[in-house]
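Colleague: Requesting a structural model of the entry that follows:
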Amino acid sequence: MKAIAAFLLLGAAFGTHAADRASPVHHRTFEVRGVEVFYREAGSPQAPTVLLLHGFAASSYMFRDLIPQLAQRYHVVAPDLPGFGQTRVQPGVEFHYTFDQLTAVVDAFTVAMGLDRYALYVFDYGAPVGWRLAVRHPERITAIVSQNGNAYEEGLSDGWADMRKAWDAPTAENREALRRFNTPDMIRWQYTEGVPDASLIAPEPWQLAADAIERIGVEPQVDLLADYGSNVKQYAQLHAYFRAHRPPTLAIWGRNDPFFLPAGAEAFRRDNPDAEVRFLDTGHLALETHGDEIAKQMLSFLDRHL
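Modeller: You can find the predicted model right below:
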């Protein structure tokens, strides 16, 4: 019996490693609307699709550990948004860095990729892009996972004070005040603030984010911070979508986020009473410290609803 048990354990371990090998992560680019969209893809295209949308001070690199875990059961696609990571606007193409334009590119990308049904994982800036997709194409959305992806006014902390000034009075002075959010020190702070043990944060993710801003330029980032107020104006439409369609929703939140408060996670239940809310003792970029726990919660949630 001991030999049989050992054989079964060995077989299970081999099966796990085989599944890992069967789901390599591909790194590709796809041109759409004058933008060379870089994306990561893994898992069987015949499996249900999960679309991962990153946020500020990050790129699809933030999903480097999550993708292989999801890809054992799902088709996973994670593009870099314009202005981030490896995505590049082609020379000579006029591109305005607004959330409407980011959504137009991602929307066209999903169509070109044949993603007619998908679950959304949204984080930070990825949230307003995902929210626009959901409102425009509710039939495409199979489920939503929001990791510190805000959808409610009460989720915005006092850390948005400078941005609110720029929204209300878009003067050159108020715009200039937004530049400080793009410095390497400020980006590093966004990774470590609210994290009980900052030694868990590897330096490479925030360094790569800072390098991308230096390479692509600060102006696109300032444009997006100045435009974020347009997302708040669309919250009413989004809440109507939640009430009408009740998409399966998991809000999993770093409770110590300096920008998006826990109240923003709890608010999902107001318009979608079945929404699940989970809190983690970490900051804004929760995947950096709680990646395995988020993957476990996601897989359980997706398995129940897809």
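
Colleague: mean confidence score for the helix or strand containing residue 132?
Modeller: Using DSSP states H and E, residue 132 falls within helix 126-136. Helix 126-136 shows a mean pLDDT of 98.

Colleague: how far off helix 126-136 does the helix or strand following that helix point, in degrees?
Modeller: Using DSSP H and E, the helix or strand that follows helix 126-136 in sequence is strand 141-146. In terms of direction (axes from the mean of the first three to the mean of the last three CA atoms, to 10 degrees), strand 141-146 departs from helix 126-136 by 160 degrees.

Colleague: packing partners for strand 141-146?
Modeller: With contacts taken as 3 or more CB pairs under 8 Å, 6 or more residues apart in numbering; DSSP states H and E, strand 141-146 sits against strand 118-122, helix 126-136, strand 249-254, helix 287-305. Heads up, the C-betas are built off the backbone N, CA and C, glycines and all.

Colleague: What pairs with that strand, parallel or antiparallel?
Modeller: Applying DSSP bridges, strand 141-146 is found paired with strand 118-122 (parallel), strand 249-254 (parallel).

Colleague: can you map out the strands along the stretch 1-150 of the chain?
Modeller: Applying DSSP state E, counting those that start in this stretch to the stretch 1-150 of the chain gives strands spanning 26-32, 35-42, 49-53, 75-79, 88-89, 118-122, 141-146.

Colleague: now those as TSV including mean pLDDT, mean neighbour count and distance to residue 205?
Modeller: What follows is these, written out as TSV (pLDDT from 0 to 100; neighbours: other CB atoms under 10 Å; distance: least, CB to CB, whole Å):
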stretch	mean pLDDT	mean neighbour count	distance to residue 205
strand 26-32	97	13	17
strand 35-42	98	22	15
strand 49-53	99	26	15
strand 75-79	98	26	14
strand 88-89	97	18	20
strand 118-122	98	26	17
strand 141-146	98	22	20
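
Colleague: Using CSV, write out the CA atom coordinates for stretch 117-131.
Modeller: Extracted C-alpha coordinates of stretch 117-131, given in CSV (Å, rounded to 0.1, in the frame of the first residue of the first chain):
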residue,chain,number,x,y,z
ARG,A,117,-16.4,36.5,-24.1
TYR,A,118,-14.0,37.0,-21.2
ALA,A,119,-13.7,37.5,-17.5
LEU,A,120,-12.0,40.8,-16.4
TYR,A,121,-9.3,41.3,-13.9
VAL,A,122,-8.9,45.0,-13.3
PHE,A,123,-6.3,46.9,-11.3
ASP,A,124,-6.0,50.7,-10.8
TYR,A,125,-6.1,52.3,-14.3
GLY,A,126,-7.2,48.9,-15.8
ALA,A,127,-10.4,49.4,-13.9
PRO,A,128,-11.8,52.4,-15.8
VAL,A,129,-10.8,50.7,-19.1
GLY,A,130,-12.5,47.5,-18.0
TRP,A,131,-15.6,49.4,-16.8
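
Colleague: Now do stretch 64-78: distance from first to last residue.
Modeller: 10 Å (CA to CA, to the nearest Å).

Colleague: Next one: residue 133 from residue 298, what distance?
Modeller: 19 Å (CB to CB, to the nearest Å).

Colleague: Check residue 202 too.
Modeller: From residue 202 across to residue 298, the span is 21 Å (CB to CB).

Colleague: neighbour count winner among the two?
Modeller: It is residue 298, of residue 202 and residue 298, that has more neighbours when counted by other CB atoms under 10 Å, with 22 against 10.

Colleague: Do I have it right that that one meets residue 144?
Modeller: No. Between residue 298 and residue 144 there is no contact under CB atoms under 8 Å: 11.2 Å.

Colleague: hey, what's in contact with both of the two?
Modeller: Shared contacts of residue 298 and residue 144 (CB atoms under 8 Å, 6 or more residues apart in numbering): residue 250.

Colleague: The residue nearest to residue 149 when sequence neighbours are not counted - how many residues pack around it?
Modeller: Counting by CB to CB, 6 or more residues apart in numbering, residue 127 is the residue found nearest to residue 149 once chain neighbours are left out, at 3.0 Å. Using other CB under 10 Å, residue 127 has 27 neighbouring residues.

Colleague: Distance check, residue 127 against residue 275.
Modeller: 14 Å.

Colleague: same check, this time on residue 289
Modeller: Taken as CB to CB, the spacing of residue 289 relative to residue 275 amounts to 23 Å.

Colleague: What of residue 216?
Modeller: Distance, residue 216 to residue 275, using CB to CB: 35 Å.

Colleague: follow-up on the earlier one: turn the helices and strands packed on strand 141-146 into a markdown table, including distance to residue 25.
Modeller: Listed next are the helices and strands packed on strand 141-146 as a markdown table, based on distance: least, CB to CB, whole Å:
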| stretch | distance to residue 25 |
| --- | --- |
| strand 118-122 | 15 |
| helix 126-136 | 19 |
| strand 249-254 | 22 |
| helix 287-305 | 14 |
